[in-house]
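Trainee: Got a predicted model here, sequence first, then my questions.
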Amino acid sequence: MKLVIAAVTSSLIAGSAYAGGYTAPVVEPSPEPITVSPVVNDVSNWTGFYAGAQYGQGSADFNNGLGDSDADAYGVHAGYNYDLGNWVVGGELDYNKVDADDLDDKGDMTRLRARAGYDMGKFMPYVTLGAAHLSQDIPGGDISETDVTYGIGAEYKVTEQFTVGAEYTKQDFSDVADVDGLDLDTDMVQMRASFRF
């Protein structure tokens, strides 16, 4: 009898162990890797020499009621930019022939200016500050003055070697022809095109 009980007990234990059985672990499929598209930055470098031409129109106003005059202004420019990352600094020398409507002779304006701009890829707005020299023959004498010039502008890279832009500048000449208090204020709006080297 003991043998029968032992046999039944062992078969029950073996059966229950088999009934629970070995269950293989469930393996979850690994998640698909997330693909991140690379961010493409508009990498553009403004460092280097450039030269080009400009054309536009302007006006000249005397402060003593002598009147004002409209003029065409055209010429050439050359300069150098250095790209610091977000900011671009540089210098420029330009020459303009000034053709006033009410004067027979054309004037000459030469400017040496510093420039500071913000690098926005292919687009760069900037400000300028420097010195301007104006030579102009007028009835009864001539003008030969040097004073301050300042302005704002913007350039756009059509290609890495060619840019177009626009610029507004003012030139303020004080004590013109050595006359105390006689001031001449001029301004110009010009379109520009430059080749970069």
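Mentor: Yes, it's here.
Trainee: In this protein, where is pLDDT below threshold?
Mentor: Scanning the chain for pLDDT under 70 picks out the ranges 1-25, 27, 30, 35-43, 65-67, 140.
Trainee: now the strands: where do they sit in it?
Mentor: Using DSSP state E, the strands of the chain run over 48-62, 68-83, 87-100, 107-118, 123-138, 141-157, 162-173, 184-196.
Trainee: Pull the residues that contact the last one.
Mentor: Translated: strand 184-196. 48-63, 73, 77, 96, 134, 143, 145, 153, 155, 160-173, 176 (C-beta atoms under 8 Å, 6 or more residues apart in numbering). For every residue, glycine as well, the C-beta is placed using N, CA and C.
Trainee: looking at the sheet around the most centrally placed residue in the chain, what are its partners?
Mentor: When C-alpha atoms, centre = their mean is applied to the chain, the residue found nearest the centroid is residue 124 (1.2 Å). For residue 124, the beta-bridge partners are residue 155 (DSSP bridges).
Trainee: Go ahead and confirm residue 170 touches residue 151.
Mentor: Yes. Counting by C-beta atoms under 8 Å, residue 170 touches residue 151, with 6.2 Å between them.
Trainee: out of the two, which sits in the busier spot?
Mentor: It is residue 151, of residue 170 and residue 151, that has more neighbours when counted by other C-beta atoms under 10 Å, with 21 against 15.
Trainee: What's the separation between the closest residue to that one other than its chain neighbours and residue 158?
Mentor: In this structure, residue 151 finds its nearest non-sequential neighbour in residue 169, 3.2 Å apart by C-beta to C-beta, 6 or more residues apart in numbering. According to C-beta to C-beta, to the nearest Å, residue 169 stands 23 Å off from residue 158.
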